[in-house]
Structure formats: structure tokens, C-alpha cells
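> Pasting a predicted model and its sequence here:
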Amino acid sequence: MIRLLVADNHTISRVGVCALIAAEKDIEIAGEATSTTELMTLIHSTQVDVILMDVGFDNHRSVEIIVDIKANFPEICIVAFTRLDEKAVVIDLLKAGSDGFLLKSAGKEDMLTAIRTVASGDSYLCHEVSLMLLQLLSPSSENHTATYQDNIVTNRETEVLRLIAKEYTNSEIAGKLFISLSTVDTHRRHLLKKLRVKNTAGLVKYAIRQGII
């Protein structure tokens with residue numbers, strides 16, 4: 001069972017999310033928060049697996065809040081509700097450690113996919129946010145050649161990274177490259193360590209910046 005906490009100042013939005021989740025057998029609403037105080041109280045008092053947070057939460061303090069949560073509760077996954085005009089915030093949230101991004105206009109199935117994906121240990125970037133990052137971090141937008149660690153990242157790791165960035169699961173990557181699931185896990189761990197990123201979203205950001213996808 002995935003224990004979900006909804007952090008949103010807007011009552012209609014918060015109640016709507018909870019109503020959509022109510023019928024799901026594998027997701028349970030662990031609580032609702034309208035302020036940082038409520039959010040942290042719930043985190044300390046109940047089991048929380050995933051937080052669905054509006055990027056404008058508590059007077060746009062979402063970046064600061066996510067940094068705090070990840071520092072003290074790294075096991076909790078966070079999906080941020082965002083808008084396409086919040087480009088700078090998306091980058092800041094990636095750096096803060098957000099595990100997923102979902103457009104506020106997303107439908108129920110996209111929301112459920114995002115929640116289940118991060119709960120399983122992967123990151124979730126909706127298609128629109130992926131394209132936005134591609135535009136912001138494409139090779140043509142900055143000089144990246146000096147930072148590409150060709151002498152560190154192996155050819156096989158680059159193949160794995162490319163498939164991760166294209167949103168393939170570990171099992172799908174194993175099938176495409178004809179390697180075992182444990183080998184994919186090993187490559188993923190090595191990439192996280194070598195590239196000094198925290199999660200899959202960090203790997204995707206790197207792959208986009210280096211023109212790997």
C-alpha cells in the first residue's frame with residue numbers, strides 16, 4: 001500500500017486529488033496539508049511514502065521544504081505539481097531532490113502513474129516537462145563538452161543511461177541490452193555515483209545536457 005500525503009493550499013485541488021485517489025486499492029491518503037507546519041507534523045506522526053506537492057505550496061516555499069524533507073526523510077518520494085511557465089522552479093526542484101513532475105492539467109491516469117512510479121523507486125517526468133528540460137539543457141544552449149566524462153562513463157553505461165532517460169524500466173532495459181536485471185541495477189548505481197546525482201531525474205538531466213538523447 002502506498003501512503004500518499006497531499007500538500008496543497010487550494011482546497012478544490014486538494015479535495016479533487018483525494019477524490020480521484022479514493023477508489024484505488026493500492027494507494028491510501030495518509031493526510032492533507034495546507035501549510036509547512038501541517039506537512040511536517042504529518043510526516044513525523046504517520047507513515048508517508050509519497051508526497052504530492054503543489055509547487056506554490058505555502059507561499060512558494062516548495063524548494064526549501066523539499067530540501068528539508070530529503071535531508072531528514074530521504075525515503076519519502078515527492079511528486080511536484082507544476083506549470084510549463086514555471087521553468088526556473090522545475091530546475092530548482094530537481095536540484096532539491098524532487099522525484100517527479102506532473103502538470104497541473106494532467107489526468108487521473110497520469111497522476112496515478114507518477115505516484116506509483118516514484119513509489120517503486122524510479123523518477124517520473126511528464127512528457128511536457130521532459131521537453132522543457134531538453135530545450136533548457138540541450139547542448140546548443142550551453143558549453144557542455146568539457147563536463148562530459150567520457151573517461152569515466154563506459155559505453156555500456158551510456159547505453160543504459162540513454163534508455164533510462166527515455167523512461168524505460170530496469171526490466172525493459174535488461175531485455176533490450178540482453179543483460180540481467182541485477183546488471184542494470186549495478187550500472188544505475190555506478191551512474192548515480194559517477195555523475196554525482198541523487199536520483200533518476202538527475203540522470204535524465206545529465207543525459208539531456210550531454211546530448212545523449
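Perfect, I can see it now. The structure presented is a predicted model; accordingly, all values stated were derived computationally and were not measured. Residues are numbered from 1 along each chain as shown.
> make it CA atoms for all contacts and neighbour counts henceforth
Will do.
> ok, longest helix in this protein?
Longest helix in the chain, counting residues (DSSP state H): helix 181-195.
> Which residues does it contact?
Here helix 181-195 makes contact (C-alpha atoms under 8 Å, 6 or more residues apart in numbering) with 152-153, 157, 160-161, 170-171, 173-174, 198-199, 203.
> Selecting buried members of those in ChimeraX, what would you type?
To isolate the buried ones among the contacts of helix 181-195 in ChimeraX, judged by 16 or more other C-alpha atoms under 10 Å, type:
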select :153,157,160,161,170,173,174,198,199,203
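> residue ranges of the helices in the chain, please?
Applying DSSP H to the chain gives helices spanning 11-21, 36-45, 57-60, 62-72, 87-96, 108-119, 127-137, 155-165, 170-177, 181-195, 200-209.
> In the longest helix of the chain, which residues are buried?
Here helix 181-195 shows 184, 187-188, 191-192 as buried, counting by 16+ other C-alpha under 10 Å.
> nearest to Val67, of these?
Leu192 (18.5 Å; C-alpha to C-alpha).
> And that closest one, what's its pLDDT?
Note for Leu192: predicted pLDDT of 88.
> again with Ile164
90.
> Just list the residues touching it, thanks.
Residues near Ile164 by C-alpha under 8 Å, 6+ apart: 170, 173, 200, 203-204.
> How many neighbouring residues does Glu159 have?
Using other C-alpha atoms under 10 Å, the number of residues around Glu159 comes to 15.
> I'd like the distance between it and His187.
Relative to His187, Glu159 is positioned 10 Å away (criterion: C-alpha to C-alpha, to the nearest Å).
> Could you do Ser45 as well?
Using C-alpha to C-alpha, Ser45 is found at 36 Å from His187.
> Name the nearest residue to Thr34, ignoring sequence neighbours.
Take Thr34 and drop its neighbours on the chain: the residue closest to it by C-alpha to C-alpha, 6 or more residues apart in numbering is Asn9, 4.6 Å away.
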